[in-house]
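Novice: One predicted model, sequence on top.
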2 protein chains.
Amino acid sequence: MSDPVQWEMEKGAPLGHSAHLLHDIPLPAAVVFEAPLTNNLTWMQRFADDHGAKLAPHGKTTMAPELFKRQLEAGAWGITLATAVQSVAAYAHGVERVLMANQLVGRPNMALVADAIERGLEYYCVVDGVANVRDLGAFFAERGLTLNVLIELGIDGGRCGCRNAEQVKTLVTAIGEESALALVGIEGYEGMIAGGDEVASVRAYGERLVETVRTLHASGVLDCEAPLVTASGSKWFDLIAEAFDRAFFKTESREHYTPVLRPGCYVVHDHKLYAGAMANVQTRHPELEGALQPALEVFAHVQSLPEPGLAIVALGKRDIGHEPDLPLPLRLYSLHDENVAPIDISDWRTTHIMDQHVFLALPENADIAVGDVIAFGTSHPCLTFDKWRRVLCVDESLAVTEVMTTHF
Amino acid sequence: MSDPVQWEMEKGAPLGHSAHLLHDIPLPAAVVFEAPLTNNLTWMQRFADDHGAKLAPHGKTTMAPELFKRQLEAGAWGITLATAVQSVAAYAHGVERVLMANQLVGRPNMALVADAIERGLEYYCVVDGVANVRDLGAFFAERGLTLNVLIELGIDGGRCGCRNAEQVKTLVTAIGEESALALVGIEGYEGMIAGGDEVASVRAYGERLVETVRTLHASGVLDCEAPLVTASGSKWFDLIAEAFDRAFFKTESREHYTPVLRPGCYVVHDHKLYAGAMANVQTRHPELEGALQPALEVFAHVQSLPEPGLAIVALGKRDIGHEPDLPLPLRLYSLHDENVAPIDISDWRTTHIMDQHVFLALPENADIAVGDVIAFGTSHPCLTFDKWRRVLCVDESLAVTEVMTTHF
């Protein structure tokens, strides 16, 4: 081998600019379409602005600094991350304000964050237990640094977070005893709410977050001028924004708080799960202009047509998310006749997925050949991005406009 | 930020040699234990040797060139891969013989492979349809290269591959018409067989592979001296090896064929799916000495203990495979008292997994604290490796012995 580095090839690698997706890129490849991406960046920022909230898009969805940059340029207040390593990776790529919507545990993780804070990162994490408060307090005191923390509120049977006011009170006291910790607000995640009247439950949860931050602010235990209150994934963002808006705008106390929305999936949206959630948002708010649009697709070759009614596509669990729904076939591109426009195959069905193969049930007399290309949509984008080290931005003509790297 | 590149942090990144997993590495982290890894490398190579077969471990499992190197050093004939990009990545990292156990489709993929063949890669792929044969023939003729192909045999209702002898005959004719293609053997994958008497079906399938290669060899259409016949994942490798062994050893015609086994998961094995398969192999072959041993684990912190009986662990679908079984808790390490040996918690149960969180049901009075570390095993290793860009080799004391990169 002459020069391993020179022609090292990673999945989706061989860029790039002036390349055409169907003619120059080894498939499968994950792509983000420019027009819907731009729409989504603008739409959600405007939504947050209109509700008097800051936007800290959840970066764990994509872990793509090029997208973080676009989100920040569109007006985002910061980027939300899930782990210490994600937080530091984002900072290393230019994100200066990180809201880590999780507990920070483990000394090596604390050390990563402390190093970044020392270098200038503005960082927030959440706490939900006294033991973690003690560990963080000791660690950051030793480092001579102040750590901003938010108390996480959870729900019974849910994930992390304080279940009741008593736990919050205990935690406030514990935080107050740690000089290295600054208590700056309240955090929650309404996405764990399931069953019953979900809309009512999400609204009540949003109100509980607001009431908690108000109570703490009034009691003088919060260590900042405009405390944070933050929640919201990409499903119920309208309900959380309203809860924040009602509390802080209509009582004319907005300037005393920093409400922060944290949707992640919105940036590329999807073709099913969040498409349905968006439809629900529109039903609740017919006055909203425009909508989020699906921007993420994965392109792959038909690999085999081994028996009637079955196509095997060169795409698998390593390439595309398959939960909660199997990949959704969208369009078929015949490469043998380039003058033929892509065919809508959204009524075709994926029946099975393996590590490197997708099984597609074909309608009778389907016009399909080995080597043809199929564009698939997803249901929940997070578990597609993490399959790729490079994701290609493309325009409507499928010309590659940017090669984005991911940093999972 | 002073120097983004200098302290760029990727998941599992921060080196290194002389590091200790529990004290120096930000968790979660995927680790491979040296002793069982070495055992597995040796065990499977000896198994293949004893059955007169070559070993071409499936590299898609790990995509870790450091493991490919160890597999080749242990005696492997080559490395099996699933895609063109994987094949070229392996070649770029020193693998000189690649068996791609899939159809090669798409001109950019063909170009990648052609470039590598020109530079010296010994490459084999499979074909199962005339259209693909025509495409490959035209492409490689244009490049002035010869492409080694194996005909894939499939099963009704299975994945790729010819379903019957008639299709094989048609394919042989088509290949014969393409001067750039060299037909060098028969390929199959018995892992698609499910239901009924699976053992009998796998044996019959192995015999069908052998019969087909014999028939073609006798008819003079094979383009090499010792044609390949290849199959075998990590579940039924004994049955395939026997089918090959019976045919080629007991008829004393072994030197006229190249039987190749392609298990992948064996290299790190697992704690459930393949552990069960290994037990079945041992039941069928009580004479076998030793066994494969689980080598892959993922270590993660207890992140929250939000309500009685529930621990949230900082580990999710982004970090560990969760199919066919949720991550398996193995051992609990208390970091607050380093003198305490890890506790066996293999009777605890994971109840749910999200992108970044695992839910663990706790027994009553479980002695567990936020910040403790849990080692998890997996059921099927493939979908854990692809979550990591770096996997750490560790010794029994959890000292890091090597940082392996992956190239998905």
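Specialist: It's in. Residues are numbered from 1 along each chain as shown, chains lettered A, B, ... in the order given.
Novice: Show me what counts as buried in stretch A:284-303.
Specialist: Residues A:292, A:293, A:294, A:295, A:296, A:297, A:298, A:299, A:300, A:301, A:302, A:303 are the ones in stretch A:284-303 that count as buried (16 or more other Cβ atoms under 10 Å in any protein chain shown). Glycine gets a C-beta too; all of them are placed from N, C-alpha and C.
Novice: Quick one: end-to-end length of that stretch, please.
Specialist: 44 Å (Cα to Cα, to the nearest Å).
Novice: Now do it: distance to the chain's middle.
Specialist: Relative to its chain's centre, stretch A:284-303 lies at 15 Å (Cα atoms, centre = their mean, to the nearest Å).
Novice: Wondering if that stretch reaches chain B at all.
Specialist: Yes: part of stretch A:284-303 sits near chain B under the criterion Cβ under 8 Å from any Cβ of the partner chain, namely A:301, A:302, A:303.
Novice: The last one should be in a strand, yeah?
Specialist: Yes: counting by DSSP: H, G, I helix; E, B strand; the rest coil, residue A:303 is part of a strand.
Novice: and it, what is it in contact with?
Specialist: A:312, A:313, A:314, A:357, A:370, B:102, B:103, B:105, B:160 (Cβ atoms under 8 Å, 6 or more residues apart in numbering or on different chains).
Novice: Without its sequence neighbours, what residue ends up closest to it?
Specialist: residue A:314 (4.1 Å; Cβ to Cβ, 6 or more residues apart in numbering or on different chains).
Novice: same check, this time on the second one
Specialist: Across the structure, with Cβ to Cβ, 6+ apart as the measure, the residue nearest residue A:302 apart from its sequence neighbours is residue A:372 (4.6 Å).
Novice: Please look at that neighbour and residue A:334 and confirm they touch.
Specialist: Yes: Residue A:372 is within contact range of residue A:334, at 5.4 Å (criterion: Cβ atoms under 8 Å).
Novice: Pick out whichever of the two has more residues nearby.
Specialist: residue A:372 (23 against 18; other Cβ atoms under 10 Å in any protein chain shown).
Novice: residue contacts, the residue in the stretch 151-300 of chain A positioned nearest to chain B?
Specialist: Closest contact between the stretch 151-300 of chain A and chain B, by Cβ to the nearest Cβ, is at residue A:160 (3.9 Å). Applying Cβ under 8 Å, 6+ apart to residue A:160 gives the contacts A:102, A:103, A:126, A:128, A:152, A:154, B:303, B:304, B:306, B:312, B:357.
Novice: just to confirm, which helix or strand has it in it?
Specialist: Residue A:160 belongs to no helix or strand when assigned by DSSP states H and E.
Novice: Residue A:260 too?
Specialist: Going by DSSP H and E, residue A:260 is part of strand A:258-261.
Novice: what residues does that strand touch?
Specialist: Residues contacting strand A:258-261 (Cβ under 8 Å, 6+ apart): A:48, A:51-56, A:77-78, A:99, A:185, A:226-232, A:237, A:240-241, A:244-245, A:248.
Novice: 7 Å - rerun?
Specialist: By Cβ atoms under 7 Å, 6 or more residues apart in numbering or on different chains, the surrounding residues in contact with strand A:258-261 are A:48, A:52-56, A:77, A:99, A:226-230, A:232, A:237, A:240-241, A:244, A:248.
Novice: Show the average pLDDT along stretch A:326-344.
Specialist: Averaged across stretch A:326-344, pLDDT comes to 90.
Novice: buried ones in that stretch?
Specialist: For stretch A:326-344, by 16+ other Cβ under 10 Å, it's A:326, A:327, A:328, A:329, A:330, A:331, A:332, A:333, A:334, A:335, A:342, A:343.
Novice: Now the last one: closest residue in space that isn't a chain neighbour?
Specialist: It refers to residue A:343. residue A:332 (4.6 Å).
Novice: okay, and for the stretch 101-250 of chain A, where does confidence drop off?
Specialist: A:249-250 (pLDDT under 70).
Novice: need the strands for it, in chain order.
Specialist: A:122-127, A:147-153, A:181-188, A:228-231 (DSSP state E, counting those that start in this stretch).
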